[in-house]
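Asker: Okay, predicted coordinates and the sequence, questions at the end:
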Amino acid sequence: MTEEAFWVYHPTAGHQTGLDLVGYKVEATDGSIGKVDKHSDAVDASHLVVDTGVWIFGKHVLLPAGIIQRIDTAEKTVYVNRTKEQIKDAPEFDEIKYTGEPAYLDQYSRYYGHM
């Protein structure tokens, strides 16, 4: 997957422009990981921020749109093509760096790009 592909929804994922994903459950390939806390449909930078709750002690992780396999609007669930362990090991989302550092998303391209 190219770096650019990490930040756009796959055509078959079922993403609809303007769809509010906040509150949707998120399922890894091996089980539930939490709920969508925030999402961005920014051009070439679409992503979700997932609150993992007590599963990994309240960690928030950023998931690029390119790892989303499908969005089920009836079940309000987002399915991703990574395991719980891979998501647990992802860099923790940092709101301050996210808003203040233009290259902040690069670390996620590197992390998810090596899987």
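Answerer: Now that the structure is in, tell me what you want to look at.

Asker: quick one: stretch 29-36 to chain centroid distance?
Answerer: Centre-to-centre, stretch 29-36 and its host chain are 11 Å apart (C-alpha atoms, centre = their mean, to the nearest Å).

Asker: And the strands in this protein?
Answerer: With DSSP state E as the criterion, the chain has strands at 25-28, 31-40, 47-51, 60-64, 68-72, 77-80.

Asker: Quick one: closest of these to Gln16.
Answerer: strand 68-72 (8.0 Å; C-beta to C-beta). The way it works is simple: take the backbone N, C-alpha and C, and place the C-beta from them, glycine included.

Asker: Quickly run through the sheet partners of the closest one, with directions.
Answerer: Its sheet considered, strand 68-72 pairs with strand 77-80 (antiparallel) by DSSP bridges.

Asker: Let me see the residues that make contact with the partner strand.
Answerer: If you take C-beta atoms under 8 Å, 6 or more residues apart in numbering as the criterion, strand 77-80 is touched by 21, 24-29, 33, 36, 48, 63, 67-72, 87.

Asker: neighbours of the closest residue to Ile71 other than its chain neighbours, just the number please.
Answerer: Excluding the flanking residues, the one nearest Ile71 by C-beta to C-beta, 6 or more residues apart in numbering is Gly14, at 4.4 Å. By other C-beta atoms under 10 Å, 16 other residues sit near Gly14.

Asker: Just want the most central residue of this structure.
Answerer: What sits nearest the mean C-alpha location of the chain, by C-alpha atoms, centre = their mean, is Leu63, with 2.0 Å.

Asker: Specify the beta-bridge partners of the spatially closest residue to that one that is not a sequence neighbour.
Answerer: Excluding the flanking residues, the one nearest Leu63 by C-beta to C-beta, 6+ apart is Leu48, at 4.7 Å. Applying DSSP bridges to Leu48 gives these bridge partners: His39, Leu63.
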